[in-house]
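Student: sequence first, then the predicted structure:
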Amino acid sequence: MTVAAGAPALAINGLTFHYPDGREALRGVNLTVQPGEKVALVGPNGAGKSTMLLHLNGLLQGGGSISVFGQELRGSDKRTLQQVRATVGLVFQDPDDQLFSPTLAEDVAFGPLYMGLSEQEADRRVGQALAQAGLAGYENRMPHHLSGGEKKRAALATVLSMSPRILCLDEPSAGLDPRARRGLIQLLAQLDQTILVTTHDLHMVRELFPRTVIMDGGLVVADGPTGAILADQALLDAHGLELP
């Protein structure tokens, strides 16, 4: 992908979306994320957080505009869409949505092969991504035999193998036991990509993300330094957020 000099990693302007049943999920979201930022996206269930993430690599298409490193995302432009999907890696909340092959190596190689890379390069990326995710030596493991925490890291490896510049993760710590959660936080802290995460885990937010954005009712309602956002009890109460 051609990167415009000085362009933000993500520029979302006036993003709107209605589901087929008529429900309005996004009502004009505006958000800019700079390269290298790590941003937490928090808010109550139904706020539109996950819906917004699904727009960032074209899985959903609504009104408004989205630009990735200065390249506007247009669903009708297949070449641009393919470039954006290689740039914006999306990790779903349920890792079983991304793990479907007989072996983990095949799952992790799927993206690079889809991008048209050689089998040799795909194999190299498999080893690199699994090592990054703390799963070195798991190439021949069956995904459905992995633990919950291992599945989360395996799903992340399937995205890392495509060398994305932006990582979007939907509720990455949901359902993890304390040890697996701690391992995931340590892994995310080591990555140098631009990261946007939806989560209800405000302890993780405080530890890992310098910037926090609150969404509610399909809109961005607050955006600022994490310390200031989490210290504003009235703001948290107004949007159904609570520090454990």
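Tutor: Yes, it's here. Numbers count the residues shown, from 1 in each chain.
Student: how far does stretch 166-180 stretch from one end to the other?
Tutor: Chord length of stretch 166-180, first to last residue, is 23 Å (Cα to Cα, to the nearest Å).
Student: mind checking the pLDDT average for it?
Tutor: In this model, stretch 166-180 has an average pLDDT of 92.
Student: any low-confidence regions in this protein?
Tutor: Along the chain, the parts satisfying pLDDT under 70 run over 1-5, 75-76.
Student: with adjacent residues omitted, what lies nearest to K152?
Tutor: Closest residue to K152 apart from its sequence neighbours, by Cβ to Cβ, 6 or more residues apart in numbering: P95 at 5.4 Å. For the C-beta atoms, the positions are set from N, CA and C on the backbone; glycine is no exception.
Student: contacting residues for E171?
Tutor: 50, 93, 198-200 (Cβ atoms under 8 Å, 6 or more residues apart in numbering).
Student: apply 7 Å and report the result again.
Tutor: 93, 198-199 (Cβ atoms under 7 Å, 6 or more residues apart in numbering).
Student: likewise for A47?
Tutor: A47 touches 215-217, counting by Cβ under 7 Å, 6+ apart.
Student: one step back: hang on, isn't the residue nearest to K152 packed against G149?
Tutor: No: using Cβ atoms under 7 Å, P95 makes no contact with G149, being 9.7 Å away.
Student: higher neighbour count, these two?
Tutor: Comparing P95 with G149 by other Cβ atoms under 10 Å, the one with more neighbours is P95, at 23 against 20.
Student: so what's that one up against?
Tutor: So P95 contacts 151-152, 154-155 (Cβ under 7 Å, 6+ apart).
Student: check V108 too.
Tutor: 126, 129-130, 157-158, 161.
Student: ok, R141 next?
Tutor: R141 makes contacts with 103-104, as judged by Cβ under 7 Å, 6+ apart.
Student: and what about it, helix, strand or coil?
Tutor: The local conformation at R141, judged by DSSP: H, G, I helix; E, B strand; the rest coil, is coil.
Student: and it, how far is that from V84?
Tutor: According to Cβ to Cβ, to the nearest Å, R141 and V84 sit 31 Å apart.
Student: what's the answer for V220, then?
Tutor: Taking Cβ to Cβ, one finds V220 at 21 Å from V84.
Student: between those two, which one's more packed in?
Tutor: V84 (25 against 20).
Student: quickly find the element holding that one.
Tutor: Assessed by DSSP states H and E, V84 sits inside helix 78-87.
Student: pull the contacting residues for the residue most central in space within the chain.
Tutor: Note on the chain: the residue nearest the mean C-alpha position is C168, at 1.2 Å, using Cα atoms, centre = their mean. C168 makes contacts with 53, 56, 88-90, 196, as judged by Cβ under 7 Å, 6+ apart.
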